[in-house]
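Colleague: Here is a sequence together with a model predicted from it:
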Amino acid sequence: MTFIPCCFKRQLILTVFIGGLIIEIISDIKKMREWSDNVRLKEQRIGFVPTMGFLHEGHLSLIREAQRYSEKVVLSIFVNPTQFGPSEDFSKYPRNLQRDLEMVEKENVNIVFTPGHEKLYPKGYQTYVQLESLPNHLCGISRPTHFRGVATIVTKLFNIVNPHIAVFGQKDYQQVAVIKQMVEDLNFDIKIIASPTIRESDGLAMSSRNTYLSPEQRLSSTSLYQSLKKTQALIKEGIKDVNTLIDNAKKIILNFSETSIDYIKICDIQTLEDMININQPVLMALAVKVGKTRLIDNMVLYP
């Protein structure tokens, strides 16, 4: 990997040559807009993958999905402070830009957008995007400001990058639902694509936070996927009572060490409202702390 600055003015653009590929790293909002405007003038489609960095195979799958729909791909790396609560892990969230760039060496990424906090949230910043209903379920109950932060940063990134399509991981089901609703409500001309959850060989959904887990906690983390799979099996056996299914999932998870449950919900796949009985496809979503690490997972279940 060779780094060659193509604009030394405040080092706003850095060109990375990897074999025969060129990746430009842009940190400046104006430069990012100029790049997107030029691509659109050529009538090429821009695919966008917003991330908080510390990439893994799940993120790479989003990049590949974006490539299916676009000629140019932008990957953003920005750890967004407004989606973290006061007692959450913003300061400890894993960051390693060099590692991230090495991860995308073999992926056809044209731009890595790395804006600074002071540019996106300058002194005196006071405008946020807030949805009325969808954030009031699942993760939004224990993280009341989280989706306000998500909706705000995604809106800002959409306005800067101006993509044709944007790809998000289905592991964050509620986040995808919030963003789709926001795009519809605010009339963004952007297609939102939800890409399937990428899992480890034992079923654990890939997440940057998995690096926090000790070997014993890593074993306990498999309880999330086990509970989802068992619930689907019970539904196929004819059990439709939601309370019975949730109680069984709780037993599976709490049978593992260092686990505590934030929530287990079976809900409507559109509104995220709780279901009582299963007579249609539903979403089962859960959040579990393994040690101090909060993990989420979900699965659409079919009767």
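Modeller: Alright, I've got the coordinates. Numbering: from 1, shown residues only.

Colleague: Start from the N-terminal end of the stretch 151-300 of the chain and give the strands.
Modeller: Listed in chain order, the strands of the stretch 151-300 of the chain (DSSP state E, counting those that start in this stretch) span residues 165-169, 191-195, 259-268, 282-290, 293-301.

Colleague: Redo those as TSV? Include mean pLDDT and distance to residue 124.
Modeller: For every residue, glycine as well, the C-beta is placed using N, CA and C. Formatted as TSV, the strands of the stretch 151-300 of the chain follow (pLDDT from 0 to 100; distance: least, CB to CB, whole Å):
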stretch	mean pLDDT	distance to residue 124
strand 165-169	98	28
strand 191-195	98	31
strand 259-268	98	34
strand 282-290	98	34
strand 293-301	98	32
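
Colleague: Could you confirm residue 50 falls within a helix?
Modeller: No. Assignment of residue 50 by DSSP: H, G, I helix; E, B strand; the rest coil gives strand, placing it outside any helix.

Colleague: Let me see the domain layout of the protein.
Modeller: Annotated domains of the chain cover 2-195, 208-296 [automatic domain parsing].

Colleague: In JSON lines, list the ones you listed along with distance to residue 201 and mean neighbour count.
Modeller: Putting those into JSON lines (distance: least, CB to CB, whole Å; neighbours: other CB atoms under 10 Å) gives the following:
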{"stretch": "domain 2-195", "distance to residue 201": "11", "mean neighbour count": "17"}
{"stretch": "domain 208-296", "distance to residue 201": "10", "mean neighbour count": "17"}
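
Colleague: Out of the ones you listed, name the one with the poorest average pLDDT.
Modeller: Least confident of those, judged by mean pLDDT, is domain 2-195 with a mean of 92.

Colleague: mind checking how far that domain is from the chain centre?
Modeller: 10 Å (CA atoms, centre = their mean, to the nearest Å).

Colleague: Dump the strands of the stretch 151-300 of the chain into a markdown table; add distance to residue 108 as well.
Modeller: As requested, the strands of the stretch 151-300 of the chain are arranged in a markdown table below (distance: least, CB to CB, whole Å):
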| stretch | distance to residue 108 |
| --- | --- |
| strand 165-169 | 14 |
| strand 191-195 | 16 |
| strand 259-268 | 37 |
| strand 282-290 | 33 |
| strand 293-301 | 29 |
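
Colleague: Need the domains of the chain in a markdown table (columns: distance to residue 202).
Modeller: Written out in a markdown table, the entries for the domains of the chain read as follows (distance: least, CB to CB, whole Å):
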| stretch | distance to residue 202 |
| --- | --- |
| domain 2-195 | 14 |
| domain 208-296 | 5 |
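
Colleague: Which among the ones you listed is found nearest to residue 303?
Modeller: domain 208-296 (5.1 Å; CB to CB).

Colleague: Between the two ends of the closest one, how far is it?
Modeller: 12 Å (CA to CA, to the nearest Å).

Colleague: Which residue comes closest to residue 50 once chain neighbours are left out?
Modeller: residue 76 (4.8 Å; CB to CB, 6 or more residues apart in numbering).

Colleague: Select the longest helix from the protein.
Modeller: In the chain, taking DSSP state H as the definition, the longest helix is helix 146-161.

Colleague: ok and that one relative to strand 191-195, angle-wise?
Modeller: 120 degrees (axes from the mean of the first three to the mean of the last three CA atoms, to 10 degrees).

Colleague: so what secondary structure elements neighbour helix 146-161?
Modeller: Counting by 3 or more CB pairs under 8 Å, 6 or more residues apart in numbering; DSSP states H and E, the packing neighbours recorded for helix 146-161 are helix 29-41, strand 46-51, strand 72-77, strand 111-113, helix 139-142, helix 173-185.

Colleague: got the contact list for the shortest one?
Modeller: Judged by CB atoms under 8 Å, 6 or more residues apart in numbering, the contacts made with strand 111-113 from elsewhere in the structure are 23-27, 32, 35, 72-78, 100-101, 104, 157, 160-161.

Colleague: So what touches stretch 40-51?
Modeller: Stretch 40-51 is contacted from outside by 36, 39, 59, 62-63, 66-67, 69-78, 153-154, 157-158, 161-168, using CB under 8 Å, 6+ apart.

Colleague: ok, now with 7 Å
Modeller: Outside of stretch 40-51, the residues within contact range by CB atoms under 7 Å, 6 or more residues apart in numbering are 36, 39, 59, 62-63, 66-67, 69-77, 154, 157, 161-167.
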